[in-house]
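Just the structure for this:
(one chain, ligands or ions: 1)
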Amino acid sequence: MADMLLEARAVAKHFGGVKALRDVSLGIRRGEIYGLIGPNGAGKTTFFNCMTGLYIPDGGGFTFDGAPLLADAPHQAAERGIARTFQNIRLFGNMTALENVMVGRHVRTKAGVFGAMLQNAATRAEEAAIRQKAIDLLHYVRIEDRADDLAKNLSYGDQRRLEIARALATEPKLLCLDEPAAGMNATETEELRDLIDGIRRDGTTILLIEHDVKLVMGLCDRVAVLDYGALVIEDVPAVVQKDQRVIEAYLGA
Ligand SMILES: Nc1ncnc2c1ncn2[C@@H]1O[C@H](COP(=O)(O)OP(=O)(O)OP(=O)(O)O)[C@@H](O)[C@H]1O
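Purely as a prediction, here's the structure:
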């Protein structure tokens, strides 16, 4: 379907005897915020990892933006327009916030990381543009005042914002956020909601894994629920919230 940005078809992944994903099929439409929820160990992160090429699925596959995603090519997802953040923040702690975003930006430039290191005349101009774009992104996620601080010295909430800025630097069509609200207080979560909503309004489709059910139900257009590696339901929040299987497996707890 033309309005589908990402389609998963019968994706399966086993770890020894553990069936982490059991033939999961779902579809993310262009322009939507799509939530993926479920109990601990349900397979959410495994789904992300299969989609972004970190794991090779044992069955099934993905179509992204009209063409198949190769199963064993971790760089391909980024090049094709899929960016992600991680459940456990993965920043370069001893680089500044600005440098962290500039690294993300190099995916989209001709010079690449090595060209930037060699610093010939052609790359210097490109480097200036990358720097400006990174500053703009720090503004966008509202941590521009921390640009020159080491990433490790940023507050937890600001580190999560920085991860989002770095992911946006690749100009993704699909931004995947793995538990972005984890460890955030109520105010930070509220600000995160506004940020995610703004990113979508500005044209990026979003896949959100999150345990904060209030955030997911308030923000997402559609929600998929995984349980023991299987898709339980994929529908609008109002329907998902009332589904008896979802209440028993997840919401009721
Ligand atoms: N690399 C791995 N090796 C072995 N087992 C794994 C691996 N990754 C995930 N699993 C197992 O696969 C299942 C799904 O895990 P996964 O991390 O995808 O769940 P999740 O829904 O993301 O959970 P959480 O909400 O706790 O992050 C679990 O039983 C987990 O122990």
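
any idea how far residue 85 is from the closest residue to residue 213 other than its chain neighbours?
Nearest non-adjacent residue to residue 213, counting by C-beta to C-beta, 6 or more residues apart in numbering: residue 251, 6.5 Å away. Using the backbone N, CA and C atoms, a C-beta is placed for each residue, glycine as well. In this view, residue 251 and residue 85 are 25 Å apart by C-beta to C-beta, to the nearest Å.

Compare those two (neighbour count), which wins?
residue 85 (22 against 16; other C-beta atoms under 10 Å).

Number of residues surrounding the residue nearest to that one when sequence neighbours are not counted?
Nearest residue to residue 85 in three dimensions, chain neighbours excluded: residue 163, at 4.3 Å (C-beta to C-beta, 6+ apart). By the criterion of other C-beta under 10 Å, residue 163 has 25 neighbours.

contacting residues for residue 163?
85, 86, 89, 90, 91 (C-beta atoms under 8 Å, 6 or more residues apart in numbering).

Looking at those, which are in helices?
Within the contacts of residue 163, no residue falls in helices by DSSP state H.

out of these, who's near the ligand?
Checked against the ligand using C-beta under 6 Å from any ligand atom, these give no members in range.

Could you pull up the mean pLDDT of stretch 4-12?
The average pLDDT for stretch 4-12 rounds to 97.

Any buried residues in it, and which?
Residues of stretch 4-12 classed as buried by neighbour count (16 or more other C-beta atoms under 10 Å): 5, 6, 7, 8, 11, 12.

go on, stretch 165-176?
165, 166, 167, 168, 169, 170, 172, 173, 174, 175, 176.

Among those, which has the minimum pLDDT value?
Scoring the buried residues of stretch 165-176 by pLDDT puts residue 170 last, at 90.

and the closest residue to residue 146 other than its chain neighbours, how many neighbours does it have?
With sequence-adjacent residues excluded and distances taken as C-beta to C-beta, 6+ apart, residue 146 is closest to residue 97, at 5.0 Å. Residues lying near residue 97 (other C-beta under 10 Å) number 28.
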